[in-house]
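A.B. asks: Sharing a model prediction with you, sequence too.
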Amino acid sequence: MSEQPVNLRETVRRRYAAAAVQLTEGGVACCGAEPVEVGKGFGSALYAADERDLLPVEAVAASLGCGNPLAVADLHEGERVLDLGSGGGIDVLLSARRVGPAGTVYGLDMTEEMLALALANRRKAGATNVEFLKGTIEAVPLPANTIDVVISNCVINLSTDKSAVFAEAFRVLVPGGRLGVTDVVADDGLSPEQRAERGDHVGCVAGALSFAEYREGLRAAGFTDIEITPTHGVADGMHSAVVRAVKPVGGGRGAVPMGRN
């Protein structure tokens, strides 16, 4: 019998808490932090060397994603960005450089240990336009219509309620706002049982949606201009993919003021 959603969430939380503790307490080697071990097709090697060199080594070593959402999102000066499942902060800190001092980047994570690591990385990077928030990606603690771009790196597949994630991303985006994420996506012919045979939930495989399911989930939330493009394989019939979508103008109920830090 498969695990219940609450147990799956706790399993995910423990796994990422352990990764943060590994880096915080015992992961520093002579030349910097040792990367957390992840499977083929995951981790900091998916970022360009010049991007990795800009950040604290702990932020780079904590990268557990399956792509580089900044290569997807096309960020601009002054934009407000939300990173769903921000972990050690690699994508938040890189985004902060892209949007500049007039922009703001929010990192959302449910794991205390990862948030502590991210805050330490923010201090080391000297990032003043960054805020890390505790919460789940199914219930984002931000007002509606206040974010220009939602990014995420191999996190949505971990959720046990992806329709809530899509709805929350749509809610917080301003009309005309963009979703630009990387995630693991399954071939349409693979059943949930076949996906589970290729890897577990916490390993970003068993919980992945198919291409068709992903499109339908985004469409049901209200997104348009949906594009899902596979980039590399992570298991047989399972792919890291670039996902883009837009909240249409007229898709919201008017901007809600939100203070900047």
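C.D. replies: Happy to help now that I have it. The shown structure was predicted, so the numbers you read here are calculated from the model rather than taken from an experiment.
A.B. asks: For the stretch 151-261 of the chain, give me the ranges with low pLDDT.
C.D. replies: 200-204, 251-261 (pLDDT under 70).
A.B. asks: so where do the strands sit in it?
C.D. replies: With DSSP state E, counting those that start in this stretch as the criterion, the stretch 151-261 of the chain has strands at 173-186, 209-210, 224-235, 238-246.
A.B. asks: And the stretch 1-150 of the chain, by the same measure?
C.D. replies: Using DSSP E, counting those that start in this stretch, the strands of the stretch 1-150 of the chain run over residues 28-29, 32-33, 80-84, 104-109, 130-134, 147-153.
A.B. asks: need those in CSV with mean neighbour count and distance to Asp91, can you?
C.D. replies: For the C-beta atoms, the positions are set from N, CA and C on the backbone; glycine is no exception. As requested, the strands of the stretch 1-150 of the chain are exported to CSV (neighbours: other C-beta atoms under 10 Å; distance: least, C-beta to C-beta, whole Å):
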stretch, mean neighbour count, distance to Asp91
strand 28-29, 12, 22
strand 32-33, 16, 17
strand 80-84, 28, 5
strand 104-109, 27, 8
strand 130-134, 18, 11
strand 147-153, 27, 6
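A.B. asks: Just put the ones you listed in CSV and tack on distance to Ala118.
C.D. replies: What follows is the strands of the stretch 1-150 of the chain, written out as CSV (distance: least, C-beta to C-beta, whole Å):
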stretch, distance to Ala118
strand 28-29, 17
strand 32-33, 14
strand 80-84, 10
strand 104-109, 6
strand 130-134, 5
strand 147-153, 13
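A.B. asks: Minimum distance to Asp74: which of those strands has it?
C.D. replies: Nearest to Asp74 among those is strand 147-153; the distance by C-beta to C-beta comes to 8.3 Å.
A.B. asks: Mind giving me the packing neighbours of the closest one?
C.D. replies: Taking 3 or more C-beta pairs under 8 Å, 6 or more residues apart in numbering; DSSP states H and E as the contact definition, the neighbouring helices and strands of strand 147-153 are helix 70-73, strand 80-84, helix 90-99, helix 162-172, strand 173-186.
A.B. asks: ok, and which of the ones you listed has the densest surroundings?
C.D. replies: Mean neighbour counts were compared across the helices and strands packed on strand 147-153 using mean count of other C-beta atoms under 10 Å; the top stretch is strand 80-84, at a mean of 28.
A.B. asks: tell me which strands and helices that one is in contact with?
C.D. replies: Under the contact criterion of 3+ C-beta pairs under 8 Å, 6+ apart, strand 80-84 touches helix 90-99, strand 104-109, strand 147-153, helix 162-172.
A.B. asks: With distance to Pro230 as added columns, please give those in a markdown table.
C.D. replies: Conversion of those to a markdown table gives the following (distance: least, C-beta to C-beta, whole Å):
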| stretch | distance to Pro230 |
| --- | --- |
| helix 90-99 | 20 |
| strand 104-109 | 26 |
| strand 147-153 | 16 |
| helix 162-172 | 18 |
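A.B. asks: out of those, nearest to Glu131?
C.D. replies: Distances from Glu131 to each of these were compared by C-beta to C-beta, and the smallest falls on strand 104-109, at 5.3 Å.
A.B. asks: contacts for the closest one?
C.D. replies: Judged by C-beta atoms under 8 Å, 6 or more residues apart in numbering, the contacts made with strand 104-109 from elsewhere in the structure are 80-87, 89, 91-92, 95-96, 99, 115, 118, 129-135, 137, 140-142, 147, 260-261.
A.B. asks: cool, stretch 186-194 as well?
C.D. replies: If you take C-beta under 8 Å, 6+ apart as the criterion, stretch 186-194 is touched by 195, 198, 206, 208-212, 237-239.
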